[in-house]
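> Have a look at this prediction, sequence included:
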Amino acid sequence: MDLEREMREVREAFSSGKTKEESWRRSQLQNLLTLMHEKEDHIITALQQDLGKHPVESYRDEVGTLIKSVNYALKGLKKWMSGKKADLPFAAFPSTAYLVPEPLGVVLIISTWNFPFGLSLEPLIGAIAAGNSVVIKPSELAPASSSTLANLINTYLDTKAIKVIEGDASVGQHLLQHKWDKIFFTGNCKVGQLVMTAAAKNLTPVALELGGKCPAVVDSLSSSWDKRIAVDRILSAKFGTCAGQACIAIDYILVDKNFSSTLVELLKEGIERMFGKNPKESKSVAKIINKSHVLRLRSLLDDPMVKASVIHGGSVDEDNLFIEPTILLDPPVNARIMNEEIFGPLLPIITLEKNEDSIEFINSKSRALAIYAFTKNEEFKNKLSSQTSSGSIVFNDAIIQYVADTLPFGGVGGSGFGRYHGKFSFKEFSHKKVIVKRGFLVDFWFRYPPWNDHKLLLFRSAYRFDYLGVLLVILGLKKC
C-alpha cells in the first residue's frame with residue numbers, strides 16, 4: 001500500500017467539500033447500515049476466529065449496538081447539523097449570531113482488538129455524521145476482524161474519503177507522524193501516551209478511550225431476587241463480555257466481610273448456571289486474544305502472594321487460549337493483580353469492614369472508567385456519587401451505560417478523555433464555528449482611540465449593560 005498516496009486521497013476528498021454535504025453523510029451512514037445487515041455473518045465469523053465469541057455475544061456487543069447507533073445518527077443527522085442562534089446583548093444591535101457545527105477535517109481512528117468492529121465503527125459513525133474524511137487503523141492482534149473490516153468498508157463506503165489501513169505497530173507509528181485534524185484512540189495507557197506525544201508535535205486534538213480498574217461494590221442485599229439479578233449482571237459484565245477483556249468490564253469486587261461468604265457462593269452457583277460445569281465447552285466464554293496475554297494473566301495467578309487466594313477456577317489452557325472464570329478472595333492489595341488492569345476472566349473480591357470503606361479504597365486508585373454498585377441504600381448511593389470520581393457510575397447494573405445513545409461515554413483522568421456515542425460522537429468530531437453578522441446602522445464611537453476619561457466612563461457602564469448609565473454619561477449627567 002502506498003501510504004502517502006492514500007493520505008493524499010483522503011485529504012483531497014475532504015478538501016473537495018463533498019463530505020460536508022448532508023447527502024454524502026446520509027448515504028455513507030445508510031451504506032454502513034446496509035453493510036451491518038448484509039454482512040452480519042462475515043462479522044460474526046471474524047469475531048469467532050479472533051476471539052472465540054459466541055454469535056449471540058457478537059450480535060449483542062457489536063453488530064446490534066452498531067445497527068442501533070447508525071439508525072440513531074440517521075434520525076438525528078439533520079438536527080445535529082443545523083446551526084443554533086445565539087443571543088447577543090442589545091449593545092451589539094443590529095446583529096445576529098449563530099453557532100454552526102463544522103467538520104474538523106481528516107481524522108484518524110485507532111481501534112483495538114477486543115471489540116474490533118464496535119470500537120472502529122462507533123467513532124466512525126460520529127466522524128461521518130460530522131462530515132469528516134476518515135482513516136481507520138484496526139488492531140493487528142485481531143487479523144480476521146481487521147481484514148474483514150477493510151474489505152467491507154472498501155466495498156460499501158466511499159473509498160476516497162474513508163479508508164482502512166492495516167498493519168502492525170510500525171504502520172500505526174507511521175500514521176502518527178502525519179498531521180491530523182483529530183486522533184481518536186482506544187487502547188491502553190502506555191500506547192495512549194505515545195499517541196499524545198505524537199499528536200502534540202502538530203497540536204492535534206486527541207480523544208483517548210483507555211480504561212483502568214473498574215470496581216463493583218456489592219452491598220448486603222436481602223431479597224433472593226435482588227441477589228440473583230445482581231449476580232447475573234456481575235457475571236455477565238465480567239466473564240460474559242469478551243471474557244473480561246473489556247475496558248468497562250468489572251475488574252474487582254468490594255464487599256462487606258459479613259456478606260462475602262454469601263456472595264462467593266452465589267457467584268459460584270451463578271458461574272455454573274451461566275457457563276456450565278465446563279465453561280470451555282459452553283462456548284459462552286470468549287478466548288484470550290493470544291498466548292502473550294494468556295501468559296500475562298497466568299503470571300498474575302502464579303504470583304506467590306496470590307495463589308492461595310484462588311477459591312474457584314484457575315485452570316489455564318495455553319494451547320486453546322482459554323482461562324476459566326476464576327474467583328479470588330482477598331488477594332494482597334499490593335499484588336500486581338490489584339494494581340494492574342486485569343483484562344481477563346479473573347475476579348478478585350476484597351472484603352471490607354463496612355461498605356463505606358469502599359469509597360476510600362476506590363479513591364486510592366486511579367480514577368476508573370466506571371464504578372458499579374449494587375445497593376438499595378440511597379444514602380450510600382449519594383455518598384458514592386458525590387465522593388468518588390469516574391467516567392460513569394452505575395447502580396444495580398453494569399455496562400448498560402455503554403449502549404445508551406443519549407449518554408456520553410468516556411473516562412476521566414487516567415481512564416481517558418473525550419466522550420462519544422449518539423450526538424456526543426457528532427460533537428467529538430465537530431467544531432462549533434461562531435458566525436456573527438452586523439450592520440452599519442449603529443456604532444459606538446467610544447470603542448475607538450484616542451482614549452480619554454469620558455470614554456472610560458462609557459465603558460464602565462457599557463460592560464455592566466447599564467444602558468441608562470451610558471445615556472447619562474453621554475448627556476453629561478454622570479461624572480463617575
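Sure, I can see it.
> now the residue sitting nearest the centre point of the chain, nearest residue through space, not along the chain?
In the chain, the residue lying closest to the centroid (Cα atoms, centre = their mean) is G410, at 4.1 Å. Of all residues not flanking G410 in the chain, R419 sits nearest, at 3.7 Å (Cβ to Cβ, 6 or more residues apart in numbering). For the C-beta atoms, the positions are set from N, CA and C on the backbone; glycine is no exception.
> wait, the one you found sits on V412?
No - using Cβ atoms under 8 Å, R419 is not in contact with V412; the gap is 9.8 Å.
> contacting residues for the residue nearest to G410?
207, 408-410, 427-428 (Cβ atoms under 8 Å, 6 or more residues apart in numbering).
> quick one: the residue nearest to the centre of the chain and Y402 touch, right?
No - G410 is beyond contact range of Y402, at 10.6 Å (criterion: Cβ under 8 Å).
> what's the helix or strand hosting V473 in contact with?
Per DSSP states H and E, V473 falls inside helix 467-474. Helix 467-474 has contacts (Cβ under 8 Å, 6+ apart) with 90-91, 454, 457-458, 460-462, 478.
> For N334, state which of the residues you listed is nearest.
Taking Cβ to Cβ as the measure, N334 lies nearest R460 of these, at 61.1 Å.
> Quick one: residues contacting that closest one.
Taking Cβ under 8 Å, 6+ apart, we find R460 in contact with G469.
> Buried residues in the strand or helix carrying it, which are they?
Assigned by DSSP H and E, R460 falls within helix 453-462. Across helix 453-462, burial judged by 16 or more other Cβ atoms under 10 Å covers 455, 457-458, 461-462.
> same thing with stretch 210-225?
Going by neighbour count (16+ other Cβ under 10 Å), the buried part of stretch 210-225 is 210-221.
> Serialize those to CSV and add fields for secondary structure, distance to A129 and pLDDT.
Listed next are the buried residues of stretch 210-225 as CSV, based on DSSP: H, G, I helix; E, B strand; the rest coil; distance: Cβ to Cβ, whole Å; pLDDT from 0 to 100:
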residue, secondary structure, distance to A129, pLDDT
L210, coil, 24, 94
G211, coil, 25, 88
G212, coil, 29, 90
K213, coil, 33, 96
C214, coil, 29, 97
P215, strand, 34, 98
A216, strand, 34, 98
V217, strand, 36, 98
V218, strand, 39, 98
D219, coil, 40, 95
S220, coil, 45, 92
L221, coil, 42, 92
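> Please identify which pair of those lies farthest apart.
Farthest-apart pair in the buried residues of stretch 210-225 is L210 and S220; separation 32.6 Å (Cβ to Cβ).
> Let's see the lowest-mean-pLDDT helix or strand in the chain as CSV, backbone CA atoms only.
In the chain, the helix or strand scored least confidently by mean pLDDT, DSSP states H and E is helix 467-474, which has a mean of 88. Taking Å, rounded to 0.1, in the frame of the first residue of the first chain, the C-alpha atoms of helix 467-474 are listed here in CSV:
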residue,chain,number,x,y,z
TYR,A,467,-27.7,51.5,29.2
LEU,A,468,-29.3,54.2,31.3
GLY,A,469,-25.8,54.9,32.7
VAL,A,470,-24.4,55.1,29.1
LEU,A,471,-27.1,57.6,28.2
LEU,A,472,-26.4,59.7,31.4
VAL,A,473,-22.7,59.8,30.6
ILE,A,474,-23.3,60.9,27.0
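> now that helix against helix 453-462, angle please.
170 degrees (axes from the mean of the first three to the mean of the last three Cα atoms, to 10 degrees).
> Where does pLDDT dip in the chain?
Scanning the chain for pLDDT under 70 picks out 1.
> The helix or strand containing S170 packs against which elements?
In this structure, S170 sits in helix 169-176 according to DSSP H and E. If you count contacts as 3 or more Cβ pairs under 8 Å, 6 or more residues apart in numbering; DSSP states H and E, helix 169-176 packs onto helix 3-15, strand 106-110, strand 133-137, helix 189-200.
> ok, and what's touching the longest one?
Think helix 3-15. 19, 103, 105-106, 132-135, 158, 160-163, 165, 171, 174-175, 178.
> So which residues of the stretch 301-450 of the chain form strands?
310-312, 316-317, 322-323, 326-329, 346-352, 368-374, 390-395, 416-417, 430-438 (DSSP state E, counting those that start in this stretch).
> how about those strands in TSV, adding distance to T197?
Converted to TSV, the strands of the stretch 301-450 of the chain look like this (distance: least, Cβ to Cβ, whole Å):
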stretch	distance to T197
strand 310-312	39
strand 316-317	35
strand 322-323	33
strand 326-329	36
strand 346-352	31
strand 368-374	22
strand 390-395	23
strand 416-417	15
strand 430-438	23
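> Just say which of those is most tucked in.
Using mean count of other Cβ atoms under 10 Å, the stretch among the strands of the stretch 301-450 of the chain with the largest mean neighbour count is strand 368-374, at a mean of 27.
> That strand: partners in the sheet, and parallel or antiparallel?
For strand 368-374, sheet partners with direction are given as strand 215-218 (parallel), strand 390-395 (parallel), following DSSP bridges.
> mind saving the C-alpha coords of it as CSV?
Output in CSV follows, covering the C-alpha atoms of strand 368-374 (Å, rounded to 0.1, in the frame of the first residue of the first chain):
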residue,chain,number,x,y,z
ALA,A,368,-11.9,4.5,36.9
LEU,A,369,-13.8,4.5,33.6
ALA,A,370,-16.8,3.2,35.5
ILE,A,371,-17.9,2.4,39.0
TYR,A,372,-20.6,-0.2,39.6
ALA,A,373,-22.5,-0.5,42.9
PHE,A,374,-25.2,-3.0,43.8
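> mind listing what F322 touches?
With Cβ under 8 Å, 6+ apart, F322 has these contacts: 52, 280, 285, 287-288, 316.
> cool, and T96?
85, 88, 436-437.
> what's the closest of the residues you listed to G244?
K85 (48.1 Å).
> Any idea what the closest one is bridged to?
Under the criterion used (DSSP bridges), K85 bridges to Y98.
> OK, contacts around it?
Taking Cβ under 8 Å, 6+ apart as the contact definition, K85 lies against 96-98.
> ok, so what distance separates it from I323?
57 Å (Cβ to Cβ, to the nearest Å).
> correct me, but S236 touches F275?
No - proximity of S236 to F275 does not meet the contact threshold set by Cβ under 8 Å, at 10.4 Å.
> thought M274 was touching S236?
Yes - applying Cβ under 8 Å as the test, M274 and S236 come out as touching, 7.4 Å apart.
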